[in-house]
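Participant: using only what follows, build the 3D model:
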Amino acid sequence: MFKAHGCTEYDLWGIPDARPDELEAQFESRSDGLWGVYGFKRGWGGEVVRSSGAWDYVYNPLVYWAYKMALKVRNSDG
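Facilitator: Residues are numbered from 1 along each chain as shown. The predicted structure is shown next:
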């Protein structure tokens, strides 16, 4: 589907925040955090590209505030 629309890249987003040499040296022995995800993505043969990250664009400040409060409540219940 994406290729049919002219896409040449796909951002799989989300790997450990480590240098490329650390990623390669540790991905088989670590399973905490995003290490398992990195091992899976590594199998697709892509390349590590760093960017500024994902940011929220707030369309409705009241709804966004309610969303953040709901997350706090949910996280404090555990």
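
Participant: can you tell me which helix in the protein is longest?
Facilitator: Longest helix in the chain, counting residues (DSSP state H): helix 61-77.

Participant: find the residue at the geometric middle of the chain.
Facilitator: G14 (2.4 Å; Cα atoms, centre = their mean).

Participant: so that residue sits against V37, correct?
Facilitator: Yes: using Cβ atoms under 8 Å, G14 makes contact with V37 at a distance of 5.9 Å. Placement of C-beta: from N, CA and C, glycine included.

Participant: and the pLDDT for W13?
Facilitator: At W13, the model reports a pLDDT of 75.

Participant: what's the nearest residue to it if we skip its chain neighbours?
Facilitator: Spatial nearest neighbour of W13, excluding adjacent residues (Cβ to Cβ, 6 or more residues apart in numbering): A54 at 7.2 Å.

Participant: over to L23?
Facilitator: Closest residue to L23 apart from its sequence neighbours, by Cβ to Cβ, 6+ apart: Y38 at 6.1 Å.

Participant: cool, and F2?
Facilitator: Y10 (6.3 Å).

Participant: so which strand or helix has that neighbour?
Facilitator: Using DSSP states H and E, Y10 falls within no helix or strand.

Participant: what's the spacing between it and E47?
Facilitator: Distance, Y10 to E47, using Cβ to Cβ, to the nearest Å: 12 Å.

Participant: which residues in the chain form helices?
Facilitator: 20-26, 35-42, 61-77.

Participant: avg pLDDT for the shortest one?
Facilitator: For helix 20-26, the mean pLDDT works out to 85.

Participant: helices or strands next to that helix in the packing?
Facilitator: Judged by 3 or more Cβ pairs under 8 Å, 6 or more residues apart in numbering; DSSP states H and E, helix 20-26 is in contact with helix 35-42.

Participant: so which elements touch the helix it packs on?
Facilitator: Contacts defined by 3+ Cβ pairs under 8 Å, 6+ apart place helix 35-42 against helix 20-26.
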